[in-house]
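**Student:** fold the following and give me the result.
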Amino acid sequence: MIDRVITSGTFSLDGGTWDVDNNIWLVGDAREVVVIDAAHDAAAIAERVGGRTVRAILCTHAHNDHINAARDLAALTGAPIRLHPADQVLWEQVYGPEVAYEPLADGEKLAAGGVTLEIRHTPGHAPGAVCVYAPELGAVFSGDTLFKGGPGATGRSFSSFETIIESIRERLLTLPPETVVHTGHGDSTAIGAEAPHLEEWIARGH
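**Tutor:** This next block holds a predicted model:
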């Protein structure tokens, strides 16, 4: 079971602020779920969770628009916040050192409602960016690493175009082509739809 909640707010980095709509993904079953990216509105996410147990609040990275509801959602649900520690500097821009999270590791597997979720470290958009692969569902939750039409933005602090291209090539495009890509913003896509355009992205990025 995959649910989506769309919330609206702002993304701020390097002195700029932009209006954004974020996808929050709930993965599990009728009893328990994992929440992927607690953005903007903890109450709206908790409403969609309903009476289900939240096993974890997974952060695909620590840009403010993907974590700014994590503390409140954790308070509402009792669930641990999980983040790759390479994003500590971005996390502290939002929460300082006071709000704790449990570190995610590349290759770690979590489970909710009979669904196995595999963590794939995919740096580039942010140093601690991860994608969450659910092989039984034929889906990967890509955060801001891969979108319909290309890679996530890399023009701001703590990002790297060369790194994100390597992450996509090695960690995402190796998945089955029918794998659905559920993104952090906008429409979903599929690995097979994006893979043929890798060389175009590289040419465009340089």
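
**Student:** in the lowest-mean-pLDDT helix or strand in the chain, what counts as buried?
**Tutor:** Per-element confidence for the chain was summarised using mean pLDDT, DSSP states H and E. The lowest value among helices and strands belongs to helix 198-205, with a mean of 86. Neighbour-count burial for helix 198-205, with 16 or more other Cβ atoms under 10 Å as criterion, is recorded at Trp201. For the C-beta atoms, the positions are set from N, CA and C on the backbone; glycine is no exception.

**Student:** any idea how far that helix is from the chain center?
**Tutor:** If you compare the mean C-alpha spot of helix 198-205 with that of the full chain, they lie 23 Å apart, counting by Cα atoms, centre = their mean, to the nearest Å.

**Student:** which residues sit against that helix?
**Tutor:** The list of residues contacting helix 198-205 from outside it, by Cβ atoms under 8 Å, 6 or more residues apart in numbering, reads Gly150, Pro151, Thr154, Phe161, Ile165, Ile168, Arg169, Leu173.

**Student:** burial of the third one, as a residue count?
**Tutor:** By the other Cβ atoms under 10 Å criterion, the neighbourhood of Thr154 contains 18 residues.

**Student:** backbone dihedrals for it, please?
**Tutor:** Main-chain dihedrals, Thr154, degrees, to the nearest 10: phi -130, psi 20.

**Student:** do you know how far the nearest residue to it once chain neighbours are set aside is from Ile168?
**Tutor:** The shortest distance from Thr154 to any residue other than its chain neighbours is 4.3 Å, reached at Phe161 (Cβ to Cβ, 6 or more residues apart in numbering). Taking Cβ to Cβ, to the nearest Å as the criterion, Phe161 is separated from Ile168 by 11 Å.

**Student:** out of those two, name the residue with the larger neighbour count.
**Tutor:** When neighbours are counted by other Cβ under 10 Å, Phe161 and Ile168 differ, and Ile168 comes out ahead with 25 against 19.

**Student:** for Val49, give me its contacts.
**Tutor:** Contacts here follow Cβ under 8 Å, 6+ apart; on that basis Val49 touches Leu26, Val33, Val35, Thr77.

**Student:** what's opposite the nearest residue to Val180 once chain neighbours are set aside in the beta bridge?
**Tutor:** Sequence neighbours aside, Ala139 is the residue nearest to Val180 in space, at 4.6 Å (criterion: Cβ to Cβ, 6+ apart). According to DSSP bridges, the partner residues bridging Ala139 are Ala134, Val180.
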